[in-house]
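Trainee: Show me how the following folds:
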Amino acid sequence: MSCLPYFLYFKIIFLVILSRASCELLPCCASVLLPLFSHFSFVPLTPRILSLTPDFSTFTLTLKWSDNGSAFPYGLDASWEIEILRKETMEDVTRESYNSKLTHEDIIHSWNWKSDMPLECTSHYVRIRHYINITQFDGHKDWSDWSPVEPSGSGLFPQDTVVAVGSNVTFCCVHEEGRQVQRMSYGAKDYPLIRLSSRSSAIRVLNANASDASGTNIVCRMSENGMDGTVLFVGYGPDVPEDLSCETSNFVIIKCTWKPGRASGLYGVRGTKYSLIESISGKNVSCEVNEMKKERICGFPVLADQKTYSFVLGVSNPIGQTEASLLVDLNQRVNPETPEKLTVSGNSSTSVRLHWFINGSFAEIRLLCQIEISSGHSEQKLHNVSMPGGKFSTYTAQLNALHPYTKYRFRVRCSAADHFWRWSDWSGTEEHTTLEAPPARGPDIWRERSPSGKSLRIFWKVDRKLKMSVWSLMDFFVVFVADNVKTDRAVAMGNGIYISWNSYPNMTCGYIVKWCHSSGSEPCSVDWQKFPSNTTDAVIKSALFRPGVRYNFSLYGCKSSGYQLLKNITGYTKELPPKRAPNFTVEETSSDSILVKWEDMPIEDCQGFLEGYRLSFAKGEKDALKPRLLESGNPELKVKNITDLTKKSLKILDLQGKTSYQLDLQAYTAGGLSPPNSLYVVTKEDSVGLIIAILIPVAVVVLLGVVASIFCYRKREWIKETFYPEIPNPENSKALQFQKNICEGNKSLKTLEMNPCTPNSVEVVETQSAAPKIEDTEMMSSKTDTIVPEDGSDSETENHVVVSYCPPIIEEEISNPPMDEPVGLSQVVYIDIQSMYQPQIKPEEESEIDLVTTAGYKPQMQLPVSALKIESRSPAEEESDKTAGYRPQANTNAWNMDTPDSPGSVESNNENASFGSPCSINSRQFLLPPKDDEDSPKPSNTGWSFTHFFQNKPND
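Mentor: Next up, the predicted model:
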């Protein structure tokens, strides 16, 4: 290895020898000498960077270096390895290769690299090394020195750049030392910061969307209220132009048009630029276009002696560029300018001359011009004229076969005659009236004789195309009218009326159809039309025909002796609905019908052939707030259709009495219904129905009353027992006679004498005060402390007194009672019914009560037998008791006090137990013995009354 410099020196000598050797000896020497150095490895020279130039607008670095090719004796393949990094972060950005060919000369190589972020964001460094593609140069390859790119200044980068939709863009904010970026936003959104160095931070926007015309704002906010910003424009690259077409209108300028396709979204200085390049001549023009129009236009000057043009339309914007091409033969793409200065002249009644000017040089082609002719109500006509072209010249054409004294309108357009491409636009319209001409024939005349034959009416048609002078009557003809002429209906056809007739062999000179232009009374505007003898139908048309107007036609046949009326025809060009409905009135009304009559309609109001009448009716009041009959959709609406036109009345049946009805009458034709004519009518009241409505309920009530009476009569016993039980009449009771019989001592008085009957219960419910204390009738009981309240009674406020009445059994007085029966036990004390419910009196006031005044009917008190005490009384009191009236007659010794149901029984469950008096509830004995039948009172009234209906029959 210590001998390496010598080898290198020898290498240089060898290369010099090879370089100075002749071309013939070089291959031989190389084949001899190179094997001598096959065991050595040579090191390529270290390359040297000549320049490193940044292009900040395109993020591009341009690297230049020399290959030192002059140091090599013959051509060799070489490659260069280039490395780029960002210094502060030491981020290896890229390492790429570049291939070249070494020659005997020193070549300067250039290489470009585009960064994914602005070059102002951070420092970039580049170095390079050399490879030679032969085995002997496989030694160590040295790198060149780093070549830096140091940005300067501060701000937000890139500034106002343009990118394609969907691009990824990096924005960096470069600031001074000591400051700090707080946040960066793209549009309205903040993005995370990427720290590049101590002086710069960045954000990365992915898949950018199309921006507005004004772009999208990017803002960098720093400490100490510092802020920088920029704008990003995101759009589309240009589309390939569509429908590219080129033509000339004057052989001075070639006008090319196209459609741009999709809008780029870029405007102003960043908008799409167009240029038109002609490949044959090599000339090009820049096109000024309006971005707001859908179609773009660009002009190219016509070149002398060149008829074929090869155009290339170039389209570019900051994002990209494209082009479209077209080959054009100019003579086949001629669209002349619009004709100008059109004039019309002429001194004839049938011809005129037209003049017009076309701006352009058409000397080398022929022109085809089309003239449009129109007059009055006639259809437009087109007349073509071919003529040689001129250079900015005036063109002339003559029109013949025009009508005299007629006003015409003309206009012109032109195109190439030999190779038609397109018509030009129409020129302006010019009017002209032809001169008058003498009449070619006499007027068309129609004559009619009056029915009396003393006068003649003459009609003639004025030819509006001619100026008429004085006419003279030269001949006459006779019109024959038959008596049995029929009238037919014509059929409307288009804007005319179709008429047909049978062929008449004896009509040798044709037919005439005459009509009147008014459906009213004469005079009217008469018109007619002639037809040859072989015609059997025709469509009569006139500018005076109007829809809804009836026209009367007369068909005349012509023969040598004159004209004969064959038939009359009437018709409409178009039938319309009648103007109004006929007037109608209500002639008579009843409770269920209405008779309606209407008038005939004038022909002028029909506006068509009348087909019938439509009468609608339904219930309705004459109230403007309610909808009309035809508009209400009333389900009760009924419609009568009258198709017999001779019928002028109609009777409406099955109506309701005393009801308001609305009637609508309409006439109709094939054209539709007329407006309705309305009436309101009220039907009469149905008296028979009212009487029936009254009688039926009365009859039903009477019938029900009779049935109820029969039923009640048959069931009177059950009804009386259920709803009207017999109640004793106190006035007929002999107990009320105690006061006047008590002093008389009538032994024959039979107190409360009644026949045995079924016991009846009477319940008296009322508030009962405390029973008065009566000293002389008090009976003591060993169980007086025991009080048994009645079921369901209120022990605090009121007591229910239940009185069971049973007529007593009258027993015969026993003169000699048994000795073992205590006399005192047969005495039963009674109290007056009225005093029983009076307020309780004080003991000291009891002695003042007159015994006589309280005498009378006294019900037996419900007291236990054990409580009875017979106190010693004076003889006067005993005598008074004997004549005191009603006394219990039962033998009290017969009462068994030990039975469960006895009043004094402890086991008795009867709350109302008593001794059997009329006031007792559970009495088992009658106090008075029954009398013989002959002693019973008999009813004195044997007659019948309504009240007896509810009474029981007398006992048998």
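
Trainee: My read is that residue 235 contacts residue 272, right?
Mentor: No: with contact defined as CB atoms under 8 Å, residue 235 does not count as touching residue 272 (9.3 Å). Just so you know, the C-beta spots here come from the backbone N, C-alpha and C atoms, and that holds for glycine as well.

Trainee: For these two, list the residues in contact with both.
Mentor: Common contacts of residue 235 and residue 272 (CB atoms under 8 Å, 6 or more residues apart in numbering): 264, 266, 317.

Trainee: Now neighbour count and secondary structure too, for those, in TSV please.
Mentor: Shown next, in TSV, are the shared contacts of residue 235 and residue 272 (neighbours: other CB atoms under 10 Å; DSSP: H, G, I helix; E, B strand; the rest coil):
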residue	neighbour count	secondary structure
264	25	coil
266	24	coil
317	20	strand
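
Trainee: quick one: which of those residues is nearest residue 145?
Mentor: Checking the shared contacts of residue 235 and residue 272 against residue 145 with CB to CB, the nearest one is residue 317 at 40.9 Å.

Trainee: so what's the closest one bridging to?
Mentor: On the basis of DSSP bridges, residue 317 is bridged to residue 320.

Trainee: cool, the one 10 residues further on as well?
Mentor: Residue 327 forms beta bridges with residue 310, as assigned by DSSP bridges.

Trainee: Go ahead and name everything in contact with stretch 685-705.
Mentor: Contacts for stretch 685-705 (CB under 8 Å, 6+ apart): 591, 592, 657, 658.

Trainee: secondary structure class for the last one?
Mentor: The reference is to residue 658. Classification of residue 658 using DSSP: H, G, I helix; E, B strand; the rest coil returns coil.

Trainee: what's the closest non-adjacent residue to it?
Mentor: Closest residue to residue 658 apart from its sequence neighbours, by CB to CB, 6 or more residues apart in numbering: residue 685 at 4.3 Å.

Trainee: what about that neighbour, neighbour count?
Mentor: The local packing of residue 685 (other CB atoms under 10 Å) involves 11 other residues.

Trainee: and the residue nearest to residue 620 when sequence neighbours are not counted, what helix or strand is that in?
Mentor: In space, and not counting its chain neighbours, residue 620 is closest to residue 662: 3.5 Å by CB to CB, 6+ apart. Using DSSP states H and E, residue 662 falls within strand 660-669.

Trainee: Keeping just the C-alphas, turn that strand into CSV.
Mentor: C-alpha atoms of strand 660-669 as CSV (Å, rounded to 0.1, in the frame of the first residue of the first chain):
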residue,chain,number,x,y,z
SER,A,660,-138.4,25.8,-0.5
TYR,A,661,-136.9,24.6,-3.7
GLN,A,662,-134.3,26.1,-6.0
LEU,A,663,-134.8,25.5,-9.7
ASP,A,664,-132.1,26.0,-12.3
LEU,A,665,-132.9,25.9,-16.0
GLN,A,666,-130.1,25.6,-18.7
ALA,A,667,-130.0,25.2,-22.4
TYR,A,668,-127.3,23.3,-24.1
THR,A,669,-125.7,22.8,-27.5
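
Trainee: So for it, what gets flagged as buried?
Mentor: For strand 660-669, burial by neighbour count (16 or more other CB atoms under 10 Å) applies to 661, 662, 663, 664, 665, 666, 667, 668, 669.

Trainee: Check whether the last one really touches residue 575, as I assumed.
Mentor: Yes: counting by CB under 8 Å, residue 669 touches residue 575, with 5.1 Å between them.

Trainee: where do the contact lists of the two overlap?
Mentor: Common contact partners of residue 669 and residue 575 (CB under 8 Å, 6+ apart): 607, 608, 609.

Trainee: On the three-state scheme, the last one is what?
Mentor: Assigned state for residue 609: coil (three-state reduction, three-state DSSP).

Trainee: Near it, how many other residues are there?
Mentor: Residue 609 has 15 neighbours, counted by other CB under 10 Å.

Trainee: these two touch, right, residue 560 and residue 507?
Mentor: No: using CB under 8 Å, residue 560 is not in contact with residue 507, being 10.2 Å away.

Trainee: Can you pick out the residue with more neighbours from the two?
Mentor: Legend: neighbour count by other CB under 10 Å for residue 560 and residue 507, higher for residue 507 (17 against 7).

Trainee: thought residue 444 was touching residue 461?
Mentor: Yes: using CB under 8 Å, residue 444 is in contact with residue 461, at 4.3 Å.

Trainee: wouldn't the residue nearest to residue 620 be in contact with residue 618 here?
Mentor: Yes: between residue 662 and residue 618 there is a contact at 6.2 Å, judged by CB under 8 Å.

Trainee: Could you look up the SS state of residue 699?
Mentor: helix.

Trainee: Just the pLDDT for residue 652.
Mentor: Looking at residue 652, its pLDDT is 89.

Trainee: got it, and the one 10 residues further on?
Mentor: Note on residue 662: pLDDT of 87.

Trainee: show me the contacts for it.
Mentor: Neighbouring residues of residue 662 by CB under 8 Å, 6+ apart: 617, 618, 619, 620, 622, 629, 678, 679, 680.

Trainee: Kindly indicate which of those residues lies nearest residue 495.
Mentor: Distances from residue 495 to the contacts of residue 662, taken as CB to CB, are shortest for residue 678 (36.3 Å).

Trainee: Setting aside sequence neighbours, what's the nearest residue to the closest one?
Mentor: residue 664 (5.2 Å).

Trainee: Please apply the same query to residue 242.
Mentor: Closest residue to residue 242 in three dimensions, ignoring its sequence neighbours and counting by CB to CB, 6+ apart: residue 259, at 4.3 Å.

Trainee: next one: residue 56
Mentor: Nearest residue to residue 56 in three dimensions, chain neighbours excluded: residue 119, at 5.3 Å (CB to CB, 6+ apart).

Trainee: With residue 338 instead?
Mentor: Leaving aside its sequence neighbours, residue 338 sits nearest to residue 425 (CB to CB, 6+ apart; 4.3 Å).

Trainee: right, and that neighbour touches residue 413 too?
Mentor: Yes: counting by CB under 8 Å, residue 425 sits close enough to residue 413 to count as a contact (6.6 Å).

Trainee: neighbour-wise, which of the two wins?
Mentor: Neighbours were counted for residue 425 and for residue 413 using other CB under 10 Å; residue 413 has more, 19 against 12.

Trainee: Make sure I have this right: that one is in a helix.
Mentor: No: under three-state DSSP, residue 413 falls outside any helix and is assigned strand.

Trainee: And the strands in the stretch 151-300 of the chain?
Mentor: Taking DSSP state E, counting those that start in this stretch to define them, one finds strands in the stretch 151-300 of the chain at 155-157, 161-164, 169-174, 181-186, 189-191, 194-197, 200-205, 216-222, 226-235, 242-248, 253-259, 273-278, 284-287, 296-301.

Trainee: Out of the ones you listed, which is closest to residue 144?
Mentor: strand 194-197 (24.4 Å).

Trainee: Okay, buried residues for that closest one please.
Mentor: Within strand 194-197, the residues that qualify as buried by neighbour count (16+ other CB under 10 Å) are 194, 196, 197.

Trainee: And the second one, how far from residue 60?
Mentor: It refers to residue 196. Applying CB to CB, to the nearest Å, the value for residue 196 to residue 60 is 19 Å.

Trainee: for residue 421, same thing?
Mentor: Separation of residue 421 from residue 60 (CB to CB): 49 Å.

Trainee: deepest of the strands of the stretch 151-300 of the chain, which one?
Mentor: Mean neighbour count (mean count of other CB atoms under 10 Å) peaks for strand 169-174 among the strands of the stretch 151-300 of the chain, with a mean of 24.

Trainee: what is the mean pLDDT for that one?
Mentor: Mean per-residue pLDDT for strand 169-174: 90.

Trainee: rewinding a little: neighbouring strands - and their directions - for the helix or strand just after the strand holding residue 662?
Mentor: Sequence-wise, the next helix or strand downstream of strand 660-669 (DSSP H and E) is strand 672-673. If you go by DSSP bridges, strand 672-673 pairs up with strand 660-669 (antiparallel).
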